[in-house]
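**Q** Here is a sequence with its predicted model. Questions after.
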Amino acid sequence: MSFPLLSLIIFTPVVGAAVLMFLRGDDAVRWTALSFTVLDLALCIAMLVGFDTTTYAMQFIETRSWVPALGINYALGIDGISALFVFLTALLGLICVLASWVAIDRKVKEFMICLLFMQALMLGVFCALDLFLFYVFWEAMLIPMYLIIGIWGGEGRVYAAIKFFLYTLAGSLLFLIGVIVLYFYGGRTFDILALTAQDLPFRIQSWLFFAFLIAFAVKVPMVPVHTWLPDAHVQAPTAGSIILAGVLLKMGAYGFLRFSLPMLPEASMYYSPLMLALSGLAIVYGGLLALAQDDLKKLVAYSSISHMGFVTLGIFALNLRGLEGGILQMFNHGVTTGALFLFVGLIYERTHTRSIADYGGLMKVAPVYTTFLALFTLSSMALPGTNSFVGELLVLSGGFAANLVAGSAAVLGALLAAAYLLGMYGKVALGPASAGARLKIRDVNGREMAAILPLAVFVLWVGLYPKPFLNVVDASVKHLVTHVHSRGSGQ
């Protein structure tokens, strides 16, 4: 039996949460939570070092019988599609602890416990090779996120938390029905690899495609089931927004990659024009809404809808460039948008306002803050040399090859991103001095730099040398494209 590395990665935060229950004192809680997230990140780095990029097969596989009467197993494994997101989850978990060091000053122990449990469940989603186990992780994840928004959020936190919970629960119920149907039509197994090998009738594939579509579209989110996202982001604490944008939104796109495309290839090909149209709509609509915002958090939230539209566009282009770009852009969005939410939180801690009109001239009083903000703003715009440029270029290339109109919508979305992001940065950092500048707010400190620097490193690393990241996903994506086109075309 191989070393259970994935179980160790998943349950390290759980052990950390258990230890926190017996601690007293907020500082002890913070340092202990930080220690366990650092340990988890180190385990994920070890996983990537040992990952074989030459094969599409699942790696680090663990299997234990769980409910044998129903064929349910505790089965874990990763491939090139999931490996990057396991690492991203651990990285952002660490960033969230650092971002909450001062921002969370009440019920610190309870908050860190929720955060660690949330991290464990998200890691489980990306590692699960049993469909029932995946659903358990997927559904249980709602609870700590609901508590993080509902207890530590802003004034409208209860409404935002309930709206988030109801939207995602409704989608999850449809997903559960789809799982049950897939179980009976797929040979009474929950084994994801076995279900991928099944050849389901088109009628069943179509029904399952739309059941899964609603569940995953809510998580992404796609238009028109996106309305929970701005409320959740605005009301969530900084760490909640980082993990929500950085990881939780990726789970919807991951669902398409892990279930819709490989298990329902014929339906995925048939309905790809619909998905490309919805993706193009999200790109343009999210960009227009972001352009109209004065609230910094809302601007970044709506930009997420637009940027995740690029992700789904790449996925349903159903070609190598589009899929690789979509997956890389998922990782890039987690890094860049997570960083932007971190920066919104940092300035909010100092000024207690998120209105762009209340800022101006911050470059003079916080040069380090505004310099790094410029880097992440340019990254979100997909400037050459930054991480998002590589992913967005691949998505555009694959998108135009699949559908000219969808590709054109993506170009328009990129232009809108430049407009609202440059406008935001100009007003905040370079505009005339405002009340925010006159307050002589302090620049970032050492703890905050510890949260910023890892994200900045990945912005430049992926932007200047993307090969290691593309190597991780390449074999798995090539296999997925071949599988979808061979099975989807009925050959």
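**A** Good, I have the coordinates.
**Q** right, and the helix or strand after the one helix or strand residue 205 maps to?
**A** For residue 205, the element it lies in under DSSP states H and E is helix 202-219. The helix or strand immediately downstream of helix 202-219 is helix 228-235, counting by DSSP H and E.
**Q** so what secondary structure elements neighbour that next one?
**A** In terms of contacts (3 or more Cβ pairs under 8 Å, 6 or more residues apart in numbering; DSSP states H and E), helix 228-235 is packed against helix 157-185, helix 296-316. Heads up, the C-betas are built off the backbone N, CA and C, glycines and all.
**Q** Determine which stretch of these is the most buried.
**A** Comparing the helices and strands packed on helix 228-235 by mean neighbour count (mean count of other Cβ atoms under 10 Å), helix 296-316 ranks first with a mean of 28.
**Q** now it, how far from the centre of its chain.
**A** Relative to the centre of its chain, helix 296-316 is centred 11 Å away, using Cα atoms, centre = their mean, to the nearest Å.
**Q** now swap in stretch 444-461 and tell me
**A** With Cα atoms, centre = their mean, you get 19 Å for stretch 444-461.
**Q** Contacts for that stretch, please.
**A** Residues outside stretch 444-461 that contact it (Cβ atoms under 8 Å, 6 or more residues apart in numbering) are 91, 94-95, 98-99, 101, 335-336, 338-339, 342, 346, 366, 368-369, 372, 375-376, 379, 385-387.
**Q** now those: which count as buried?
**A** 91, 94-95, 98-99, 101, 335-336, 338-339, 342, 346, 366, 369, 372, 375-376, 379, 386-387 (16 or more other Cβ atoms under 10 Å).
**Q** from the chain's centre, how far out does the helix or strand hosting residue 460 sit?
**A** Using DSSP H and E, residue 460 maps to helix 446-464. Offset of helix 446-464 from its chain centre (Cα atoms, centre = their mean): 17 Å.
**Q** Next step: the buried ones among the contacts of stretch 444-461 restricted to helices.
**A** By the criterion of DSSP state H, membership of the buried ones among the contacts of stretch 444-461 in helices covers 91, 94-95, 98-99, 101, 335-336, 338-339, 342, 346, 369, 372, 375-376, 379, 387.
**Q** still on that earlier bit, can you tell me which helices and strands the helix holding residue 205 packs against?
**A** When contacts are defined as 3+ Cβ pairs under 8 Å, 6+ apart, helix 202-219 packs onto helix 157-185, helix 249-255, helix 265-270.
**Q** for this protein, where's the lowest mean pLDDT among helices and strands?
**A** helix 435-438 (a mean of 51; mean pLDDT, DSSP states H and E).
**Q** Contact partners for residue 63?
**A** Neighbouring residues of residue 63 by Cβ under 8 Å, 6+ apart: 73, 74, 75, 76, 129.
**Q** Serialize those residues to JSON lines and add fields for secondary structure and distance to residue 229.
**A** Formatted as JSON lines, those follow (DSSP: H, G, I helix; E, B strand; the rest coil; distance: Cβ to Cβ, whole Å):
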{"residue": "73", "secondary structure": "strand", "distance to residue 229": "34"}
{"residue": "74", "secondary structure": "strand", "distance to residue 229": "32"}
{"residue": "75", "secondary structure": "strand", "distance to residue 229": "32"}
{"residue": "76", "secondary structure": "strand", "distance to residue 229": "30"}
{"residue": "129", "secondary structure": "coil", "distance to residue 229": "29"}
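**Q** Could you single out the nearest of these to residue 238?
**A** Of all those, residue 238 sits closest to residue 76, with 30.7 Å by Cβ to Cβ.
**Q** what's across from that closest one in the sheet?
**A** Note on residue 76: beta-bridge partners residue 62, residue 128, judged by DSSP bridges.
**Q** so it sits right up against residue 59, yeah?
**A** No. Counting by Cβ atoms under 8 Å, residue 76 sits too far from residue 59 to count as a contact (10.4 Å).
**Q** How much space separates residue 118 from residue 244?
**A** 10 Å (Cβ to Cβ, to the nearest Å).
**Q** Check residue 317 too.
**A** Using Cβ to Cβ, residue 317 is found at 26 Å from residue 244.
**Q** Could you check which of these two is surrounded by more residues?
**A** Each of residue 317 and residue 244 has its neighbours counted (other Cβ atoms under 10 Å); residue 317 has more, 30 against 24.
**Q** Give me the below-cutoff pLDDT ranges for this structure.
**A** Residue ranges of the chain with pLDDT under 70: 1, 433-440, 488-491.
**Q** for residue 52, helix, strand, or coil?
**A** coil (DSSP: H, G, I helix; E, B strand; the rest coil).
**Q** what's the closest non-adjacent residue to it?
**A** Of all residues not flanking residue 52 in the chain, residue 59 sits nearest, at 6.2 Å (Cβ to Cβ, 6 or more residues apart in numbering).
**Q** That neighbour: what's it in contact with?
**A** Per Cβ under 8 Å, 6+ apart, neighbours of residue 59: 51, 52, 77, 78, 79.
**Q** what separates the nearest residue to the last one once chain neighbours are set aside from residue 168, distance-wise?
**A** Spatial nearest neighbour of residue 79, chain neighbours left out: residue 476 (4.6 Å); criterion: Cβ to Cβ, 6+ apart. Using Cβ to Cβ, residue 476 is found at 27 Å from residue 168.
**Q** quick revisit: and the helices and strands packed on helix 228-235 as JSON lines, adding distance to residue 422?
**A** As requested, the helices and strands packed on helix 228-235 are exported to JSON lines (distance: least, Cβ to Cβ, whole Å):
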{"stretch": "helix 157-185", "distance to residue 422": "29"}
{"stretch": "helix 296-316", "distance to residue 422": "12"}
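**Q** for stretch 16-31, which positions count as buried?
**A** Neighbour counts over stretch 16-31 (16+ other Cβ under 10 Å) mark 16, 17, 19, 20, 23, 26, 29, 30 as buried.
**Q** Alpha carbons only: can I get it in CSV?
**A** Below are the C-alpha coordinates for stretch 16-31, written out as CSV (Å, rounded to 0.1, in the frame of the first residue of the first chain):
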residue,chain,number,x,y,z
GLY,A,16,-5.5,21.4,13.1
ALA,A,17,-9.1,22.3,13.7
ALA,A,18,-9.3,19.6,16.4
VAL,A,19,-6.2,21.0,18.1
LEU,A,20,-7.6,24.5,18.1
MET,A,21,-10.6,23.3,20.1
PHE,A,22,-8.4,22.8,23.1
LEU,A,23,-6.4,26.1,22.9
ARG,A,24,-7.0,29.3,24.8
GLY,A,25,-5.9,32.8,23.6
ASP,A,26,-6.4,34.2,20.2
ASP,A,27,-2.7,34.4,19.4
ALA,A,28,-2.2,30.7,20.2
VAL,A,29,-5.1,29.9,17.9
ARG,A,30,-3.7,32.1,15.0
TRP,A,31,-0.2,30.7,15.2
